[in-house]
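Participant: Sharing a model prediction with you, sequence too.
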Amino acid sequence: MIRPEHSERKRMMEPISQQIRKQVFKNLIASGTNCLHNLRSMDRNAQDVNDNLLRDILRKNSLTEYGKRYGFSQIRSYEEYARTVPLTDYADYEDDIRRMSDGGEKNILMAASPDYYIITSGTKGAPKRIPSSREQSKIIRTYTNLYRFGLIYESLGDIWSDGATLCPMEVRVHASEGGTPMAYFSSRMLADLGDLIHFASLSPKEVIWSDPGQDNLYLHLRFGLACEKVSEMNAAYVTVLLELMRYLEANWQELVQDIREGTINEKVSLSFQKREKLIASIEPDPERADALEKEFKKGFEDPILPRIWKKLSLVSAACGASFAPYLKQLQRYTGNDLPVYYHGYTASEAVLGIPVRLNSSWFMLLPDSCFYEFQEFDEKSGMGLEHETGAPLLKMSQLEKGRTYLVIITNRCGLYRYRMHDVVRVVDYHGEIPVIEFLYREDAMLSIGGEHITEDELTEAVFKAAREAQLQLTGFSVYTDSEAKPFGRYVILIEPSGEAALPDPDSLARRIMSILKEENVTVQLTARLGAEFVPVVCWLKQGTYEEYRMWQGNRNLGGNQVKPPQILRRPEQIQFFLDKVQEDRRNL
């Protein structure tokens, strides 16, 4: 039998695959449109929906150990709930969750059996295990997938839905001692797609179901570049997309050669079995390779992505305030006009909010996802306002536009009056539904002498000082050196990008501090009180943040959910970065 040439077989198969994809997208868009309408209809009775959810959670879990301990069956109102059940943190559940995940014990915190444990990235200690259930997963899918389809299609139409998605994410699932699957949030969402995963990512399942040490940046690009109809890039964080683009700029020759020859570079880290299977599935494509090479040889000064993917119409990623400088750097590759879908206000514990429109980091709270309470927050002191023990906090309907709050949730999977430690500001209302802006984590704040510097303020100061010094940077991190005399100091670790000469680190440190003083009243006050200090800037070796992502991914459950850490707290985390400081510029 004579095999058709590659280009001919592509023409034979494309109408079939396109037809299937269009039908799948048509169904998802229809479901997403319904989801959009359902949520918008809740704006007339959002607090009633949220109160009913609390009653339902208490009823379903009244016979659990936790429910019996606090008399869930006897609670008739929110006020009784607030008087009876204490505010909690993860430490209050850790032992019980270990009994559930490792010992397989049931009916401890939740009546439903956990079908997954969602792993956090562990910003302050060992990764947490957050129980999840089929009911919780359905809510998460509804708002992270279906709502997203509805809003994007409403905004962009067929230009988006007719293309393909480059999704540099990976799935890595482990089992607890008790046999229940454990994964990061994004891994769980991709794993749940099953066979539909082919419509969420151009990458084959051998790439998506990743092995430790696998060279996924290369592999995602290898299969993404081969497709000329990419209409969306979708990643857990905008930093992942930026890292992907930097990798492309440095390695496009090898990628083009592989596409031309139908190969996978021998230097790419990949198991023998996967390599054999992937190579069997690809063919030489000199026509696509020529088109790519032509654009790459023109350089990257003009945005490259609209030139190699004519249909590209959307970026989807988490890119709130602390990610804003990285989104700006990504626009060097995408151009300034490409719409952005900001992933919602999501956490391992629940999905709390979704964007009200494209290009917006304002999120509408979800009345049917979890029960909300709010504690007023004083940004000047960096503390929640005091309230009497057992006194009710504020509910959704009691929030005021322009005010700042700490978020407390009761979810469907065994977390009750749980402190998220997130600081949010109410920026608007959609009917009765508050629209909020996520500001920062309560514990992601720096303080030595009484000042309170948020992660966003520090990010803005570092990037502004870098721009003034004509310094391109890949990323930065900071930790508090409390042993330095007389007051302690902040050590700012910066990975420069490119080969340009580096500015004087002491001058850069002084400029960062002066910007913070200009913008932050508490820094001004501590300086007037005699507690002024200047941080220390040290240069990291190039590739440090990619090594960190791989290190964390291999230690835990995959690198695509690993955020570049900006405030370092764990000793092993600090030591990792100190080991990467350039020896000839240690400055410590």
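Facilitator: Arrived safely.
Participant: Tell me where the stretch 251-400 of the chain has strands.
Facilitator: 314-318, 340-342, 345-346, 351-355, 362-365, 371-378, 383-384 (DSSP state E, counting those that start in this stretch).
Participant: what bits of the stretch 101-250 of the chain have low per-residue confidence?
Facilitator: The model of the stretch 101-250 of the chain has pLDDT under 70 over residues 121-126, 195.
Participant: quick one, strands of it?
Facilitator: Using DSSP E, counting those that start in this stretch, strands in the stretch 101-250 of the chain cover 116-119, 129-132, 164-166, 174-175, 181-184, 230-237.
Participant: Quick one: closest of those to D368.
Facilitator: strand 129-132 (16.6 Å; CB to CB). Quick note: C-beta positions are derived from backbone N, CA and C, even for glycine.
Participant: Using the record's domain definitions, break this structure down for me.
Facilitator: Listed domain ranges for the chain are 157-338, 445-585 (source: automatic domain parsing).
Participant: hang on, L568 packs against V478?
Facilitator: Yes: between L568 and V478 there is a contact under CB atoms under 8 Å: 6.8 Å.
Participant: out of the two, which sits in the busier spot?
Facilitator: V478 (24 against 20; other CB atoms under 10 Å).
Participant: if I look at E228, how far off is L244?
Facilitator: 18 Å (CB to CB, to the nearest Å).
Participant: again with D378
Facilitator: 40 Å.
Participant: and if you look at E518?
Facilitator: In terms of CB to CB, E518 sits 35 Å off from L244.
Participant: Looking at those two, which is more packed in?
Facilitator: L244 (22 against 11).
Participant: from memory the more buried one sits against R222, does it?
Facilitator: No: using CB under 8 Å, L244 is not in contact with R222; the gap is 11.7 Å.
Participant: Output the below-cut-off pLDDT ranges for this structure.
Facilitator: In the prediction, the chain carries residues with pLDDT under 70 at positions 1-18, 121-126, 195, 379-391, 449-450, 485-486, 521-533, 553-562, 583-588.
Participant: Where is the longest strand in it?
Facilitator: If you go by DSSP state E, the chain has its longest strand at strand 418-430.
Participant: That one: which residues count as buried?
Facilitator: 418-427, 429-430 (16 or more other CB atoms under 10 Å).
Participant: Could you do stretch 94-110 as well?
Facilitator: By 16+ other CB under 10 Å, the buried positions in stretch 94-110 come out as 96-97, 99-101, 107-110.
Participant: What of stretch 497-507?
Facilitator: Applying a neighbour-count criterion of 16+ other CB under 10 Å, the buried positions in stretch 497-507 are 503, 505.
Participant: CA atoms only for that stretch, dumped as PDB, please.
Facilitator: What follows is stretch 497-507, C-alpha atoms only, in PDB (Å, rounded to 0.1, in the frame of the first residue of the first chain):
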ATOM      1  CA  SER A 497      18.100  38.600  31.500                       C
ATOM      2  CA  GLY A 498      20.500  38.900  28.600                       C
ATOM      3  CA  GLU A 499      24.200  39.800  28.500                       C
ATOM      4  CA  ALA A 500      24.100  43.600  29.100                       C
ATOM      5  CA  ALA A 501      26.300  45.100  31.800                       C
ATOM      6  CA  LEU A 502      24.800  45.100  35.200                       C
ATOM      7  CA  PRO A 503      24.200  48.300  37.200                       C
ATOM      8  CA  ASP A 504      25.800  48.900  40.500                       C
ATOM      9  CA  PRO A 505      23.800  46.800  43.000                       C
ATOM     10  CA  ASP A 506      24.200  49.300  45.900                       C
ATOM     11  CA  SER A 507      22.800  52.100  43.700                       C
END
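Participant: what residues does that stretch touch?
Facilitator: Residues outside stretch 497-507 that contact it (CB atoms under 8 Å, 6 or more residues apart in numbering): 246, 469-474, 496, 534, 536-539, 542, 585, 587.
Participant: that older thread, so which of the buried residues of stretch 94-110 are in helices?
Facilitator: Cross-referencing those against helices under DSSP state H gives 96-97, 99-101.
Participant: Save the residues you listed as JSON lines, and put in distance to A183 too.
Facilitator: Compiled in JSON lines, these are given as follows (distance: CB to CB, whole Å):
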{"residue": "D96", "distance to A183": "21"}
{"residue": "I97", "distance to A183": "15"}
{"residue": "R99", "distance to A183": "20"}
{"residue": "M100", "distance to A183": "16"}
{"residue": "S101", "distance to A183": "13"}
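Participant: Looking at those, which is nearest E295?
Facilitator: Out of those, the member with the shortest distance to E295 (by CB to CB) is S101, at 49.3 Å.
Participant: right, and the closest one touches H174 too?
Facilitator: No: applying CB under 8 Å, one finds S101 not in contact with H174, separated by 11.1 Å.
Participant: joint contacts of the two?
Facilitator: Counting by CB under 8 Å, 6+ apart, the residues touching both S101 and H174 are M182.
Participant: count of residues packed around the closest residue to A175 other than its chain neighbours?
Facilitator: Closest residue to A175 apart from its sequence neighbours, by CB to CB, 6 or more residues apart in numbering: P181 at 6.0 Å. Counted with other CB under 10 Å, residues neighbouring P181 total 17.
Participant: Help me confirm that P181 comes into contact with V173.
Facilitator: Yes: using CB under 8 Å, P181 is in contact with V173, at 5.0 Å.
Participant: anything in contact with each of those two?
Facilitator: With CB under 8 Å, 6+ apart as the test, P181 and V173 both reach A191.
Participant: which parts of stretch 204-211 are buried?
Facilitator: Applying 16+ other CB under 10 Å to stretch 204-211 flags 204, 206-211 as buried.
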